[in-house]
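Enquirer: no sequence on this one, just coordinates:
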């Protein structure tokens, strides 16, 4: 009896297996359009793409901080390409880092922010928040010097810088202590 049941089980499996097989043909055959699954006859089938983020490229720029004698000192920073002047000045406002030479400092408080930077041939207008106007004493002269030197390194030594606070033109001191309402140039800090 066991042999018969075993043979019957093998026969049942053989019949079931032949019903699950993949039919074979000697070559390709055509199929009526009505039998083609939905969307496969579309002239422009949907595509799937995987977008890899492009690695950001950075460029080296110079920003100016102060050394222990309060002299302007160039320090290298890396800014995402194409490095607009707003980003360069933003890098300056981030302040010195632990990788900078010892004794490097800034006269610009961390709460000072750039609102806008506008460039015209030979003139750059930097619009800062109200915290820039709160810098007093010798620090404002040093802060102006840092900004002017940073702009000159990026735009050229003959570039003048106009200062605004919340969109309003403001006068700033230069190295000799004079207040200037017009463009400020690097030569006024050398």
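Expert: Thanks, I have it. Treat the numbers as computed from the prediction; the structure is a model and nothing was measured.

Enquirer: all helices of the protein, in order?
Expert: Assigned by DSSP state H, the helices in the chain fall at 2-19, 85-93, 130-133, 138-155.

Enquirer: wait, doesn't residue 177 sit right on residue 144?
Expert: No - between residue 177 and residue 144 there is no contact under CB atoms under 8 Å: 11.6 Å. Backbone N, C-alpha and C define where each C-beta goes, glycine included.

Enquirer: of the two, who's got more company?
Expert: residue 144 (24 against 8; other CB atoms under 10 Å).

Enquirer: where's the more buried one relative to residue 99, distance?
Expert: 26 Å (CB to CB, to the nearest Å).

Enquirer: which residues are contacting stretch 103-118?
Expert: Stretch 103-118 is contacted from outside by 65-68, 73, 75, 84-86, 89-90, 92-93, 95-96, 124-129, 131-132, 134-135, 138-140, 142-143, 146-147, 166-167, using CB atoms under 8 Å, 6 or more residues apart in numbering.

Enquirer: between the helices of the chain, which gets the lowest average pLDDT?
Expert: The minimum mean pLDDT among these belongs to helix 2-19 (a mean of 47).

Enquirer: what are the bridge partners for the most centrally placed residue in the chain, then?
Expert: When CA atoms, centre = their mean is applied to the chain, the residue found nearest the centroid is residue 80 (5.0 Å). For residue 80, the beta-bridge partners under DSSP bridges are residue 58.

Enquirer: check contacts around it.
Expert: 56, 57, 58, 59, 87.

Enquirer: nearest to residue 157 among those residues?
Expert: Nearest to residue 157 among these, counting by CB to CB, is residue 59 at 19.4 Å.
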